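J.: Sequence unavailable; structure follows:
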DNA sequence: ATGGCATCCGTACCATAGTACGGAGTCAAG
DNA sequence: CTTGACTCCGTACTATGGTACGGATGCCAT
């Protein structure tokens, strides 16, 4: 794997600023490559770019840099005690699964919200908090019946949390 | 919905500190309830507790407080322009789907890492970065074939990024 | 060899999301 | 009627994750 990118090129390729790469180096999230042959500028590989992209993505999924470090440090290889690595990997997997579950709940709530909102004014008040608990709050689904009379929606019954 | 919790009780129920609730009030993420009848202490409802829980969960999924505010502000109801709400909800849903996809990728990579790691030392070096790109890097899966000859694993070929 | 970039490195500053502190008030039990 | 636990509100401090700045140096094309 040849390292042929300057820090500026690597930063552009990864979609971050040069300073971010240096910051990650200080945090030991990416290794600072050696200066090739006493030259002034370090050279970065495409692998490093991928690593930086991974860091940014994982951040958007709610992992802290510390957690990302742990993720990146996980290695199955013949030199390490695999059972410990395995244990951590299993824990991370559980974490990931929990997050997926919650996102699916939020996705379903948004789906309900969208269904309650046919395009011309909903028939029933419905926030995402209502939509999270399908059996209880508002959010009658109110599909493609746009031709039906949009008056008399019996709405705006419960205001509850107004918050701003 | 009766509001019968003091701020301390609400904080405990939501798993946050009192100061966090006050902070959210300052940020207009939760409404500050009125003091009932000139009494000194405000009273919070179970709804507010749910709202705070939602905020904490969404944060762990990588949403900023600003984004969470937008999520919470989405309401389908007869008084608002539904098509605009719908548009935002659809955008948020896309966001959520993207996150789910990435988490599934990471989950699959962890799965591969776990599979490559039978418990006694892996046959092949494999980091999560390798495991993310199944066809290319390391991470031969190495399931329950512990009886097959574990020599000659042709491992530890590519060290690439060592990073610390 | 010189002008214009880019890199290097250190330090300072910034936004976000809390967390702590301190003084004053309230309320119920002992 | 005091003590202790809690609330209220304002201000200050903290941790995380960058961003910006500035002087020195390096690289390369004209």
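T.: Cool, the structure landed. Bear in mind the structure is a predicted one, so any value in this text is a computation, not a measurement.

J.: same for whichever helix or strand residue A:98 is part of, what does it pack against?
T.: Element membership for residue A:98 (DSSP states H and E) is helix A:82-115. Where contact means 3 or more CB pairs under 8 Å, 6 or more residues apart in numbering or on different chains; DSSP states H and E, helix A:82-115 is packed against helix A:65-73, strand A:75-76, strand A:126-127, helix A:128-132, helix B:46-60, helix B:82-115. Just so you know, the C-beta spots here come from the backbone N, C-alpha and C atoms, and that holds for glycine as well.

J.: got the contact list for the residue in chain A that DNA strand C sits nearest to?
T.: Closest residue of chain A to DNA strand C, CB to the nearest atom of the strand: residue A:8 (2.5 Å). The contact partners of residue A:8, by CB atoms under 8 Å, 6 or more residues apart in numbering or on different chains, come to residue A:18.

J.: before we move on, what about the one 4 residues further on?
T.: For residue A:12, no residue counts as a contact, taking CB under 8 Å, 6+ apart as the criterion.

J.: ok, then the element right after the one helix or strand it maps to?
T.: For residue A:12, the host element (DSSP H and E) is helix A:7-14. Sequence-wise, the next helix or strand downstream of helix A:7-14 (DSSP H and E) is helix A:18-26.

J.: Would that following helix count as contacting DNA strand D?
T.: Yes - applying CB under 7 Å from any atom of the strand, one finds helix A:18-26 in contact with DNA strand D at A:19-20, A:22-23.

J.: buried set for that helix?
T.: Neighbour-count burial for helix A:18-26, counted by 16 or more other CB atoms under 10 Å in any protein chain shown, picks out A:21, A:24-25.

J.: any idea how far the closest residue to residue A:126 other than its chain neighbours lies from DNA strand D?
T.: Among residues not flanking residue A:126 along the chain, residue A:139 sits closest, at 3.9 Å (CB to CB, 6 or more residues apart in numbering or on different chains). Per CB to the nearest atom of the strand, to the nearest Å, residue A:139 is found 31 Å from DNA strand D.

J.: tell me which element residue A:139 is part of?
T.: With DSSP H and E as the criterion, residue A:139 is inside neither a helix nor a strand.

J.: Quick check, the residue in chain A closest to DNA strand D?
T.: Counting by CB to the nearest atom of the strand, chain A gets nearest to DNA strand D through residue A:40 (2.5 Å).

J.: how close does that residue sit to chain B?
T.: Per CB to the nearest CB, to the nearest Å, residue A:40 is found 23 Å from chain B.

J.: With residue A:3 instead?
T.: To chain B, residue A:3 is 10 Å away according to CB to the nearest CB.

J.: Residue A:61 is in contact with residue B:60, isn't it?
T.: No - applying CB atoms under 8 Å as the test, residue A:61 and residue B:60 come out as separate, 9.2 Å apart.

J.: shared neighbours of the two, which are they?
T.: Joint contacts of residue A:61 and residue B:60 (CB under 8 Å, 6+ apart) are residue A:99.

J.: Please compare those two by neighbour count and tell me which comes out ahead.
T.: With neighbours defined as other CB atoms under 10 Å in any protein chain shown, residue A:61 and residue B:60 compare such that residue A:61 has more, 21 against 14.
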